[in-house]
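**Student:** Based on what follows, work out the 3D shape:
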Amino acid sequence: MAEAARLEYREELENLVSPKPSAVGRFAFPLLILAAIATAALIFWAIGDWAVAAGFGAAVIGAAALGFLFRPSAQEVSNSRRYMPDWTIARAAAEISGGAVAITDHAGKILCASSLYGEWFPSYPNPAALPLDGDGNARLAEAGRSARRDGEGHCEALTHGALMFSAHVTRAGMSADYLLWHFAPTSHSSAIDEFTRLIDSEIGAQFSEAGVMAAIIGSEGRIRVANRAFVLRAAGRDDADLNGRDFASYFRRDDTGRIFFMREAPGMMPIAIFRVLLRADQPDGPALILLIDQPGDVSAGGSSLSYFQALLALLPFGLAMTDRDGRLIFINDSFARTANVAEGQKPAYPGDLVVVEDQAALAAAIRRYAVGPQMTGDIALRLRNQPEEPVALSLAGIRGLGEAAVMLTLKDDNEEGRLKRQVAQATKMQAVGQLAGGVAHDFNNILTAIIGHCDLMLMRHTPGDSDYDDIQQIKSNSNRAASLTRQLLAFSRQQTLRPQVIQLPDIVADVSNLLKRLIGEKVKLEVMHGRNLGTVRADPGQVEQVIVNLAVNARDAMPDGGTLSIQTFAMTSQQVREMRSTVLPPADYTGLKVSDTGTGIPPDLLTKIFEPFFTTKEVGKGTGLGLSTVYGIVKQSGGYIFAESEPGQGTTFSIYLPVHVAAAGEKQAATIKSAPPRKQTWGTGTILIVEDEDMVRAVAERALTRQGYTVLTAMDGEQGLEVLAEAEKVDLLVSDVVMPNMDGPAMVREARKIYPEMPVLFMSGYAEEQLRKSIDIDNVAFLPKPFSVAQISEAVSDAFARADTGEA
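**Tutor:** Below you'll find the model as predicted:
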């Protein structure tokens with residue numbers, strides 16, 4: 001259809017740019033002169049005025065002369081013919097590209113299209129009339145209008161049955177009259193592409209070695225790809241190019257209906273041909289053709305079935321066959337391995353492999369595909385040995401193979417399922433971490449108010465008062481809650497870290513004495529260090545916390561005693577590549593391995609151990625935050641942690657921290673300085689406190705007022721700027737970081753335009769590490785929440801001291 005349209009268009013274009021010469025064209029100018037003279041004589045006869053008649057005749061002759069002078073030249077006609085589109089070249093280019101390509105004119109009429117376009121869309125419909133699902137036609141039409149207007153257009157997620165693809169439309173041609181439509185698959189590759197790669201790969205070569213000939217043919221009956229055995233038998237030499245050739249032209253049929261290769265002499269062995277549809281909704285669509293020799297004069301049913309079973313046993317994916325009653329008559333090794341069928345055993349029915357709830361649905365599907373026309377389809381089932389993971393079982397009706405009626409295909413997606421579970425687990429951990437960080441941040445504001453008010457109350461009471469012990473108990477419990485929020489922030493990777501360049505063996509040595517007291521006398525501690533260990537950049541205190549938490553967990557897993565091993569080792573990038581890990585990127589690492597000989601962790605719990613508040617200990621004996629804290633610290637330090645365990649064999653935690661390599665001329669990153677404790681907290685000066693939480697603002701105001709400072713307050717950044725403009729002098733700005741309307745950093749930048757040397761003290765429940773990445777302001781200090789009255793007083797005093805000495 002596209003070729004006929006192309007020929008019709010070419011003929012019309014030739015007629016336009018190169019009209020055929022005629023006798024009238026050769027004598028046109030002399031005839032016009034004679035006509036002008038005759039017209040002038042007629043006018044003179046009618047009105048009797050020679051002047052008017054002569055003027056009219058001259059005008060006609062002048063117009064004819066101008067038309068003759070400006071007629072198209074032979075060169076222009078030749079050029080027009082030269083630039084006429086040659087659609088055969090365009091079609092050849094489309095075929096070479098291997099994509100589904102079409103070219104339309106300004107009216108939307110298709111001029112040229114590739115074979116794949118016709119294979120995807122039979123009868124070569126115009127792009128505007130493609131049988132797309134949903135609103136695909138409307139979106140594709142909009143892409144075409146965009147291409148007409150802007151030069152190109154895009155359209156994603158178009159579907160046509162099981163095919164999902166995208167469209168890229170480009171305006172083309174010397175006059176920009178044409179649209180080039182390119183369609184590319186975007187979802188899982190189509191069945192024809194998968195089988196084409198299969199036949200063209202080592203699998204096709206293995207088929208050839210086994211004497212099995214294989215080919216893929218398109219809907220038009222032409223060969224897309226064939227293995228070496230087929231090429232040799234069909235063409236007589238194995239280097240022949242059969243792609244694009246008519247498949248049926250290589251065969252002949254004798255009087256008995258047997259099939260032979262066309263080039264082979266009579267008396268040669270007949271061929272058994274098996275045709276497997278690659279698209280269930282296209283009975284005449286692309287297909288996988290398998291051919292094997294059919295020796296002797298045996299009946300077609302039994303011989304074909306035995307040969308077909310031998311063929312299926314070679315394929316690398318799970319295949320099985322049932323009879324019309326649903327009984328299994330064949331399963332290959334891949335199917336048995338995927339369904340966990342024991343070696344030497346074959347279940348009687350496919351339903352024996354699935355859970356009870358899915359047996360009826362599977363039996364009904366097999367009966368439906370065993371009778372009637374050949375069909376293919378999928379059904380979601382749960383295998384008996386893996387009831388928590390649904391799998392897709394493909395069914396296809398087969399005919400002409402004796403008792404075989406239905407073919408079953410089961411994909412071994414254990415690795416794919418494992419990767420999906422890893423992604424789901426990582427997503428869940430990230431979501432829980434964000435939630436935990438947000439809760440901890442808000443909780444820190446509440447704890448700041450509680451601890452601050454307890455400090456203020458304790459200033460009015462002395463030991464021995466009736467309320468003193470109660471207030472002290474409230475403060476003690478608040479500090480425990482603050483420790484809990486720090487663990488939550490550690491898990492969510494939002495805690496304040498003070499990284500340094502350290503050696504892991506030094507940290508292990510520092511914490512070894514503490515570990516011996518923690519694990520007790522029943523547990524033996526073994527420490528081993530590797531050689532050529534690189535330095536790492538991490539917070540020493542947090543690394544110690546990681547080792548302590550893992551050691552305590554190991555102790556609890558060995559109630560009757562055992563061995564706790566701590567090992568440091570080096571891991572090069574080459575060794576990482578050899579691991580073929582999907583999580584650990586290739587780089588140089590310094591590793592830390594903590595192992596025990598305890599009870600181990602069951603496989604169903606191993607994926608949950610890093611979740612916050614998950615614990616296997618008895619109620620009241622664990623918070624469930626130990627390993628989640630370890631996970632957060634390692635991740636925030638840029639490292640990776642893995643757990644390996646076998647029940648009864650112990651557990652090993654492996655931590656990989658990237659080796660720190662200082663670049664030439666590298667400077668230490670600027671940090672927001674946290675105020676060290678100072679004994680002198682009294683002072684004078686005016687302080688502006690900007691805090692959106694009323695309870696935190698009230699505590700800070702009262703605490704600093706008691707220390708002798710003049711305190712001004714504001715609820716957000718905008719109000720803070722107003723107070724700053726009205727005040728005579730502000731010596732120190734104390735501000736929260738995250739506030740509504742205008743946040744702390746934005747307010748400080750505006751304030752520094754007026755008071756460039758004014759010191760600033762930020763206070764926040766978020767991590768200092770996060771603030772250092774988001775705030776590029778000099779001469780600021782940082783106070784983490786929750787804080788006590790003494791801590792904010794010391795931080796303010798230290799900020800004044802640095803301002804007096806000019807320290808940045």
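
**Student:** going forward, measure contacts between C-alpha atoms and count neighbours the same way
**Tutor:** Fine.

**Student:** Can you list the strands that the longest strand along the chain pairs with?
**Tutor:** For the chain, the strand reaching the highest residue count under DSSP state E is reported as strand 386-397. With DSSP bridges as the test, strand 386-397 is paired with strand 376-383 (antiparallel), strand 406-410 (antiparallel).

**Student:** what's the average pLDDT for the last one?
**Tutor:** This points to strand 406-410. Across strand 406-410, the average pLDDT comes to 84.

**Student:** Give me the contacts around that strand.
**Tutor:** 317-324, 335, 338, 366, 369-370, 391-398 (C-alpha atoms under 8 Å, 6 or more residues apart in numbering).

**Student:** Surely residue 735 is in contact with residue 687?
**Tutor:** No - using C-alpha atoms under 8 Å, residue 735 is not in contact with residue 687; the gap is 10.3 Å.

**Student:** just checking, residue 387 touches residue 353?
**Tutor:** No - with contacts counted by C-alpha under 8 Å, residue 387 stays clear of residue 353, the gap being 10.6 Å.

**Student:** Can you pick out the residue with more neighbours from the two?
**Tutor:** Remark: of residue 387 and residue 353, residue 353 carries more neighbours, 20 against 12, as counted by other C-alpha atoms under 10 Å.

**Student:** for that one, what are its contacts?
**Tutor:** By C-alpha under 8 Å, 6+ apart, residue 353 lies in contact with 339, 347, 383, 384, 385.

**Student:** could you redo the last one with a cut-off of 7 Å?
**Tutor:** 339, 383, 384 (C-alpha atoms under 7 Å, 6 or more residues apart in numbering).

**Student:** In PyMOL, select just the buried ones from those residues.
**Tutor:** Of these, the buried ones go into a single PyMOL selection, burial set by 16 or more other C-alpha atoms under 10 Å:
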select buried, resi 339+383+384
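
**Student:** will you turn the contacts of residue 353 into CSV that also has pLDDT?
**Tutor:** Shown next, in CSV, are these (pLDDT from 0 to 100):
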residue, pLDDT
339, 81
383, 84
384, 81
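
**Student:** Out of the contacts of residue 353, which is nearest to residue 403?
**Tutor:** Residue 403 lies nearest to residue 339 out of those, by C-alpha to C-alpha, at 23.4 Å.

**Student:** residue contacts, the closest one?
**Tutor:** Residue 339 neighbours (C-alpha under 7 Å, 6+ apart): 353, 383.

**Student:** what's the spacing between it and residue 381?
**Tutor:** 12 Å (C-alpha to C-alpha, to the nearest Å).

**Student:** With residue 783 instead?
**Tutor:** Noted for residue 783: a distance of 57 Å to residue 381, by C-alpha to C-alpha.

**Student:** And those two? Which one has more around it.
**Tutor:** More crowded of residue 783 and residue 381, by other C-alpha under 10 Å: residue 783, with 24 against 20.

**Student:** beta partners for the more buried one?
**Tutor:** With DSSP bridges as the rule, residue 783 is bridged to residue 763.

**Student:** Touching, it and residue 763? I think so.
**Tutor:** Yes - with contact defined as C-alpha atoms under 7 Å, residue 783 reaches residue 763; the gap is 4.6 Å.

**Student:** rewinding a little: looking only at the longest strand of the chain, what residues are buried by neighbour count?
**Tutor:** 391, 392, 393, 394, 395, 396, 397.

**Student:** what does stretch 691-701 give?
**Tutor:** Quick answer for stretch 691-701 (16+ other C-alpha under 10 Å): 691, 692, 693, 695, 696, 697, 698, 699, 700, 701.

**Student:** which other residues reach that stretch?
**Tutor:** 445, 448, 449, 452, 453, 711, 714, 715, 716, 735, 736, 739.

**Student:** contacting residues around the second one?
**Tutor:** Contacts were defined as C-alpha under 7 Å, 6+ apart; by that measure residue 448 touches 696, 785, 786, 787, 788.

**Student:** Now the third one. Nearest residue, chain neighbours left out?
**Tutor:** Right, the one you point to is residue 786. Nearest residue to residue 786, sequence neighbours excluded (C-alpha to C-alpha, 6 or more residues apart in numbering): residue 448, at 4.4 Å.

**Student:** can I assume the one you found sits in a helix?
**Tutor:** Yes - according to DSSP: H, G, I helix; E, B strand; the rest coil, residue 448 belongs to a helix.

**Student:** measure it to residue 687 for me?
**Tutor:** Residue 448 is 19 Å from residue 687, by C-alpha to C-alpha.

**Student:** Pull the helix or strand where residue 702 lies out as CSV, backbone CA atoms only.
**Tutor:** Using DSSP states H and E, residue 702 sits within helix 694-706. Output of helix 694-706 as CSV, limited to C-alpha atoms (Å, rounded to 0.1, in the frame of the first residue of the first chain):
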residue,chain,number,x,y,z
ASP,A,694,6.5,29.4,71.4
MET,A,695,7.7,27.0,74.1
VAL,A,696,11.2,27.0,72.8
ARG,A,697,11.3,30.7,72.4
ALA,A,698,10.0,31.2,75.9
VAL,A,699,12.7,29.0,77.4
ALA,A,700,15.5,30.6,75.5
GLU,A,701,14.2,34.1,76.4
ARG,A,702,14.0,33.3,80.1
ALA,A,703,17.3,31.5,80.2
LEU,A,704,19.2,34.4,78.6
THR,A,705,17.4,37.1,80.5
ARG,A,706,18.6,35.4,83.8
